[in-house]
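**Q** Here you go, sequence then predicted model.
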Amino acid sequence: MALTREDIVHIAKLARLELSEQEIARYQGELSKILDYIGELQQVDTTGVEATAQVTGLTNRLAEDKIQPVDEARRQRLVDAFPLREGDYLKVKTVFE
Amino acid sequence: MAELFELTVAETAEGLTKGEFSSVEVTKSYLGRIDKLNPDLNAYLTVAHESALVAARSADERLAKGEQGALLGVPIAVKDVIMTLGIRTTAASKMLENYEPSFDATVIKKMREAGAVILGKTNLDEFAHGASTENSAFGPTKNPWDTKRVPGGSSGGSAAAVAADLCTAALGTDTGGSIRHPAAFCGVVGLKPSYGRVSRSGLLSMTSSTDVIGPITKTTVDAAAMLGLLAGEDTYDQTAAPIRIASNAFTEALKRLDLSGLTVGVPRSFIAAGLLPSIAERFDEALKSLTKLGAKIKDVELPHAKYGIAAYYVITPSEVSSNLARFDGIRYGHQNKTAKTLFEVYAKSRGEGLGPEVKRRIMLGTYALSAGYYDAYYKTAQKVRTVIARELDAALESCDILVTPTAPHIAFPIGEQSDDPLKMYLEDVFMSPASLAGLPAISVPMGFAAGEDGVEMPAGLQMIGRRFGEGTMLTGAHLFEMALGKPARRPNLG
């Protein structure tokens, strides 16, 4: 499965990753090779086989819909982790332009 | 008497209980050795000198009151992908270089309650993506047995720290082999519990459907004791199985004296290809040893296990691309300061903060999940996962445990295959099927094997158990370990 340069640029955009020209060239070759290997999966007869998303056998485990307040110390740690803030508010670039 | 840092978890706990030494003394013994050896080995990314001594003093107070516990006052290391309050958690990534967690992972809460002393956080492949610990943004960890070689991965720092006596035991994580692989390469015990046996709350998610936390230890006795303390349901992780077990449940399994009545399955055609001859020899000796212990050896066929890597490397990057979307430079972690738009904040912060293998997996996963390719890749991989899991479950109906070498070869030199991502993915070949099926598996040392250059390095035997059947698996691993005896050699680290 040969990926084009445009494929790589498109995937990087979907993934919100800025790549250098060097990285684009590198991933174009490497991902094509990995996809060739993954292509082996087509050899397996999966007719009528259900997909496995998880193996626990557990279904619809529900937690009580109750707010658990965090203490002040944890709230402060969360705020302190903000890369950009104004007071205790998280600051972001304009979302709607 | 042996140096304090040479003791196992069980020996340390015994000495502490008897008052032969204090937790502060044993903690200082490790901190001194870490200061001496870690600059070269790079097993720890962060050493928590102060908080370790605070925890040790508190454990000594509990011991003085007559309290006893398998980990009370015992110094351990933690893979740096598990949240620790008060100790930065980096995932070996520039993205989280200065990240201070706001809470303790459930396993860390349990370890602290048990009185364990956390010495520090160990190196890994960035975000646990890799099988050599070379993908760390903070430099590779070296194998204590030969510092020119990799320790395996991704929990390479944890395995190297245990092998080099830089902790009594460590926590690792295993998604497709990341506990077992470095345990084999470093000659220590690595236990991957059944999926859901241990809460993942506070583990930085990689592949949520296969991620498991487990112990890396010097002995199976220590692994059983630690698993007993780590296991159990958790309101913060709905995939943790609601199975209550006593903390000594796994230790009890080690009381058997032989393997009579147990059937050990060997998937010979699955493991035949590409096996290093000396590994094949150690494996044959291991089978003889298991026979001598009373086990019945039975050949089993796992015709689809060979597709494990291909399925794993669709499912893992897919889940990675989704899980790592949270690293957007907005709420925490690295943020690019020149970005003009929101899109640029995301793309530039991620482009700068994430390393080559992490980006590779995000790209691969984004592609596999994108419109038009979802059915061909992700859906197909999930169906193959079903086939592989059913096949293993069927084999484990007629067998109590399955055995394979943990890896087909020994630890390779640093840099030898870091430019070949596909070759690195194939490191997980014998380990990924158990991960996809959520089965417990353990790697125990099976002696030393010579590579093509004649250099001997540790080799590991993998045992795979039934889902939530860690007990029987530990019985087999423990008796094999006893039969093999303690290795006469130790890493030569001065």
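**A** Okay, I see it.
**Q** tell me which parts of the stretch 151-300 of chain B are close to chain A?
**A** Taking Cβ under 8 Å from any Cβ of the partner chain as the criterion, the stretch 151-300 of chain B approaches chain A at residues B:195, B:196, B:209, B:235, B:238, B:239, B:241, B:242. Where you see a C-beta, it was placed from the backbone N, CA and C, and this is true even at glycine.
**Q** what about burial for those, which qualify?
**A** Buried residues within those, counting neighbours by 16 or more other Cβ atoms under 10 Å in any protein chain shown: B:195, B:196, B:209, B:238, B:239, B:241.
**Q** Tally up the residues packed near residue B:416, please.
**A** Residue B:416 has 14 neighbours, counted by other Cβ atoms under 10 Å in any protein chain shown.
**Q** Return the backbone torsion pair for it.
**A** Dihedral pair for residue B:416: phi -60, psi -40, per degrees, to the nearest 10.
**Q** Pull up the gap between residue B:43 and chain A, please.
**A** 27 Å (Cβ to the nearest Cβ, to the nearest Å).
**Q** I'd say that residue and residue B:147 touch.
**A** No. The criterion here is Cβ atoms under 8 Å, and residue B:43 misses it with residue B:147 at 11.1 Å.
**Q** So for those two, which sits in the more crowded spot?
**A** Remark: of residue B:43 and residue B:147, residue B:43 carries more neighbours, 31 against 18, as counted by other Cβ under 10 Å.
**Q** Just want the most central residue of chain B.
**A** Nearest to the mean C-alpha position of chain B, counting by Cα atoms, centre = their mean, stands residue B:179 at 1.9 Å.
**Q** One more: chain A?
**A** Short answer for chain A (Cα atoms, centre = their mean): residue A:15, at 7.3 Å.
**Q** Now the phi/psi pair for the residue located most distally from the centre of chain A, please.
**A** Distance to the chain centre peaks in chain A at residue A:72, reaching 30.4 Å (criterion: Cα atoms, centre = their mean). Note on residue A:72: its backbone torsions stand at phi -60, psi -40 [degrees, to the nearest 10].
**Q** Do I have it right that residue B:229 meets residue B:72?
**A** No. Applying Cβ under 8 Å, one finds residue B:229 not in contact with residue B:72, separated by 10.6 Å.
**Q** For residue B:67, see how far away residue B:113 is.
**A** 12 Å (Cβ to Cβ, to the nearest Å).
**Q** Assumed residue B:62 was part of a strand.
**A** No. Under DSSP: H, G, I helix; E, B strand; the rest coil, residue B:62 sits outside any strand and is assigned helix.
**Q** ok, the closest residue to the residue nearest to the centre of chain A other than its chain neighbours - contacts?
**A** Spatially, and ignoring its direct neighbours in sequence, residue A:15 is nearest to residue B:366 (4.2 Å; Cβ to Cβ, 6 or more residues apart in numbering or on different chains). The contact partners of residue B:366, by Cβ atoms under 8 Å, 6 or more residues apart in numbering or on different chains, come to A:11, A:14, A:15, B:321.
**Q** Please identify which of those residues is nearest to residue B:409.
**A** Nearest to residue B:409 among these, counting by Cβ to Cβ, is residue B:321 at 30.1 Å.
**Q** What is the burial count for that closest one?
**A** 23.
**Q** wait, what's in contact with the nearest residue to residue B:150 once chain neighbours are set aside?
**A** Nearest residue to residue B:150 in three dimensions, chain neighbours excluded: residue B:132, at 4.0 Å (Cβ to Cβ, 6+ apart). Applying Cβ under 8 Å, 6+ apart to residue B:132 gives the contacts B:125, B:140, B:150-153, B:156, B:412, B:414, B:417-418, B:424, B:427.
**Q** So among these, where is pLDDT lowest?
**A** pLDDT across the contacts of residue B:132 is lowest for residue B:418, at 86.
**Q** contacting residues for that one?
**A** Contacts of residue B:418 (Cβ under 8 Å, 6+ apart): B:132, B:134, B:424.
**Q** Using a markdown table, please lay out the residues you listed together with secondary structure.
**A** A markdown table is the format used below for the contacts of residue B:418 (three-state DSSP):
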| residue | secondary structure |
| --- | --- |
| B:132 | coil |
| B:134 | coil |
| B:424 | helix |
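**Q** gap between the residue nearest to residue B:133 when sequence neighbours are not counted and residue A:53?
**A** Of all residues not flanking residue B:133 in the chain, residue B:156 sits nearest, at 2.9 Å (Cβ to Cβ, 6+ apart). Residue B:156 sits 30 Å away from residue A:53, taking Cβ to Cβ as the criterion.
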